[in-house]
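Trainee: Coordinates for the following, if possible.
(one chain, ligands or ions: 1)
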Amino acid sequence: MLDQIKGLHHVTSMAKDARQNNVFFTEKLGLRRVKKTVNFDAPDVYHLYYADELGTPGSVMTYFPFPNIGKGRPGVGEVGTTVFAVPEGSLGYWKERFEKQGVADLEPETSFGENRLHFSGPDGDGFALVEAKDDRAPWAKGGVPTDQAIRGFHSASLRLRDGGATEELLKFMGYENVDQSGNVKRLAIKGGNGADIIDIETLPGANFADLGAGSVHHIAFAVENRARQLEVRKALMDTGYQVTPVIDRDYFWAIYFRTPGGVLFEVATNEPGFDRDEDTAHLGEALKLPSQHAHLRDYLEKHLQPLGN
Ligand code: ZN
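Mentor: You can find the predicted model right below:
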């Protein structure tokens with residue numbers, strides 16, 4: 001069993017409209033946009049990062065807004081719900097806030113003994129807030145009082161036709177079974193960064209998801225540094241997984257592999273972080289370009305949709 005993985009690093013999803021996406025995460029959820037850059041493989045598409053003040057791993061929600069993308073169709077083989085932690089007693093505030101803001105599909109519920117509020121993102125993205133004891137510091141300037149503000153990810157759920165092999169993989173990665181409720185198994189990692197839980201929801205007869213706007217593209221797990229990442233890569237490959245080479249993503253190094261249930265996993269380093277090319281006081285403000293796309297700056301600044309803030 002591996003001990004290098006420290007919980008979630010980031011979750012990356014797809015959206016249709018960049019401006020709407022930016023408004024939702026900064027003005028409705030009160031997260032900080034910590035980076036405005038572009039997709040390495042499609043530089044005319046943004047890559048937007050929303051997180052706590054510094055983009056701490058375990059708090060980082062990222063988006064590729066593709067203007068012409070169709071809507072995703074939920075199913076198995078994907079991340080179902082991405083869950084953010086909020087302080088105990090704060091869901092009343094959030095429900096009222098979301099009602100005022102017209103956030104869709106509000107649904108309070110209790111799950112694993114925790115109070116949750118389900119809601120949808122602008123493209124039908126499956127989200128929830130959960131009340132949790134969590135000592136991570138929130139972004140204090142996002143327009144949400146710090147007594148209520150989002151602390152980071154609490155968990156993510158994987159919707160799978162057969163959860164068995166993915167459960168084994170997660171255990172290999174260092175997760176342990178901690179609870180079960182109906183068709184959902186809860187796994188958690190000890191000594192993680194706070195974003196420590198993965199729920200596996202098994203839906204044997206369900207159709208596979210069609211990825212599109214509102215779908216999670218991949219989910220990334222955190223390791224401290226590149227040495228730990230290489231250890232994880234070797235261990236996964238020795239177990240038979242096909243893992244990509246290490247890829248420099250400017251703010252972290254990444255490896256990717258497809259899991260038995262169909263979900264794309266990434267393992268990302270905590271180094272070098274989002275302040276490598278911007279002062280922490282101004283994270284996310286300027287358009288940052290990967291060096292290979294720097295020559296496109298004039299074109300991109302004219303053609304990328306203005307975000308509004
Ligand atoms: Zn990623």
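
Trainee: I'd like to know how many residues surround residue 267.
Mentor: 26 (other C-beta atoms under 10 Å). Every residue, glycine included, has its C-beta placed from N, CA and C.

Trainee: which residues are in contact with the host helix or strand of it?
Mentor: Element membership for residue 267 (DSSP states H and E) is strand 264-272. Strand 264-272 has contacts (C-beta atoms under 8 Å, 6 or more residues apart in numbering) with 5-6, 9-10, 12, 57, 217-226, 228-229, 232-233, 249, 251-259.

Trainee: Now list the buried members of these.
Mentor: 5-6, 9-10, 12, 57, 217-223, 228-229, 232-233, 249, 251-257, 259 (16 or more other C-beta atoms under 10 Å).

Trainee: Adjacent strands (with direction) for the strand holding residue 267?
Mentor: Strand 264-272 has the following strand partners under DSSP bridges: strand 216-223 (parallel), strand 252-258 (antiparallel).

Trainee: Save the ones you listed as a markdown table, and put in mean pLDDT and distance to the ion too.
Mentor: What follows is those, written out as a markdown table (pLDDT from 0 to 100; distance: least, C-beta to the ion, whole Å):
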| stretch | mean pLDDT | distance to the ion |
| --- | --- | --- |
| strand 216-223 | 98 | 4 |
| strand 252-258 | 98 | 6 |
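
Trainee: for the ion, what are the nearby residues on the stretch 201-309 of the chain?
Mentor: With C-beta under 5 Å from the ion as the criterion, the stretch 201-309 of the chain meets the ion at residues 220, 266.

Trainee: Can I get the helix or strand residue 10 falls within in PDB, CA atoms only?
Mentor: If you go by DSSP H and E, residue 10 is part of strand 5-15. Coordinates of each C-alpha in strand 5-15 appear next as PDB, following Å, rounded to 0.1, in the frame of the first residue of the first chain:
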ATOM      1  CA  ILE A   5      -0.900  10.300  -1.600                       C
ATOM      2  CA  LYS A   6      -2.300  13.000   0.600                       C
ATOM      3  CA  GLY A   7      -5.900  13.400  -0.600                       C
ATOM      4  CA  LEU A   8      -7.300  15.300  -3.500                       C
ATOM      5  CA  HIS A   9      -5.200  17.900  -5.300                       C
ATOM      6  CA  HIS A  10      -7.700  19.200  -7.900                       C
ATOM      7  CA  VAL A  11     -10.800  18.400  -9.800                       C
ATOM      8  CA  THR A  12     -11.000  19.400 -13.500                       C
ATOM      9  CA  SER A  13     -14.300  19.800 -15.300                       C
ATOM     10  CA  MET A  14     -15.700  21.200 -18.600                       C
ATOM     11  CA  ALA A  15     -17.900  24.100 -19.000                       C
END
